[in-house]
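J.: Got a predicted model here, sequence first, then my questions.
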Amino acid sequence: MSKYFDATDEFAIAATDELGPPGTRRGASIATGRMKAHLTVWEPEDEEHPTLPTLREFLRRHVDQQTRLLTYAFDGWSLVMDAAPLLELPAHYLDYRVSPGATFVTDEALERSRGGGTTRSRS
């Protein structure tokens, strides 16, 4: 079973995202909200794409050794998360594939729920 990791709220950034069903005209519905880093670590029985980097490669490329923060670009945004939960995984996870993505919560949803909201994940 895959493992999922999300940045904490302190690393959420103000962002805009396109909403609506796939195939709709680009830019037809733009929303403002908060975006956070979201990583999927694929276990061997999952059908990950073979071109995805291993967790070892991803951490080597994207973790600042001084701050221990993981930073990567996604869909034009620079996303950050604390690498500690990933670094605490058992050593064999370093050979598993990882796909970076993002979660997005609209400002409207945040206002309605004050602390929850509906999220969308993209990888």
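T.: Thanks, I have it.
J.: hey, let's count contacts and neighbours off CA atoms from now on
T.: Fine.
J.: remind me which residues of this structure are low pLDDT?
T.: Per-residue confidence for the chain (pLDDT under 70) gives these ranges: 19-28, 115-123.
J.: Show me where it has its helices.
T.: 55-62, 84-87, 107-113 (DSSP state H).
J.: Of these, which is nearest T16?
T.: helix 107-113 (9.8 Å; C-alpha to C-alpha).
J.: how far out from the middle of the chain is the closest one?
T.: A distance of 20 Å separates the centroid of the chain from that of helix 107-113, by C-alpha atoms, centre = their mean, to the nearest Å.
J.: Among the helices of the chain, single out whichever gets nearest to L94.
T.: helix 55-62 (4.7 Å).
J.: I'd like to know which elements the longest strand anywhere in the chain is packed against.
T.: Ranked by residue count under DSSP state E, the longest strand found in the chain is strand 30-42. In terms of contacts (3 or more C-alpha pairs under 8 Å, 6 or more residues apart in numbering; DSSP states H and E), strand 30-42 is packed against strand 3-6, strand 13-18, strand 77-82, strand 97-106, helix 107-113.
J.: buried set for the first one?
T.: Just to be clear, that refers to strand 3-6. F5, D6 (16 or more other C-alpha atoms under 10 Å).
J.: rewinding a little: buried deepest among the helices and strands packed on strand 30-42, which one?
T.: strand 97-106 (a mean of 22; mean count of other C-alpha atoms under 10 Å).
J.: quick one, what contacts A84?
T.: R68 (C-alpha atoms under 8 Å, 6 or more residues apart in numbering).
J.: Out of the helices and strands packed on strand 30-42, the one nearest M35 is which?
T.: Nearest to M35, of those and by C-alpha to C-alpha, is strand 97-106 at 4.4 Å.
J.: ok, how many other residues are close to H49?
T.: Applying other C-alpha atoms under 10 Å, we find 11 residues neighbouring H49.
J.: cool, the one 3 residues further on as well?
T.: Counted by other C-alpha under 10 Å, the residues lying close to L52 total 15.
J.: Torsion angles phi and psi at it?
T.: Torsion angles at L52 (phi, psi; degrees, to the nearest 10) stand at phi -70, psi 150.
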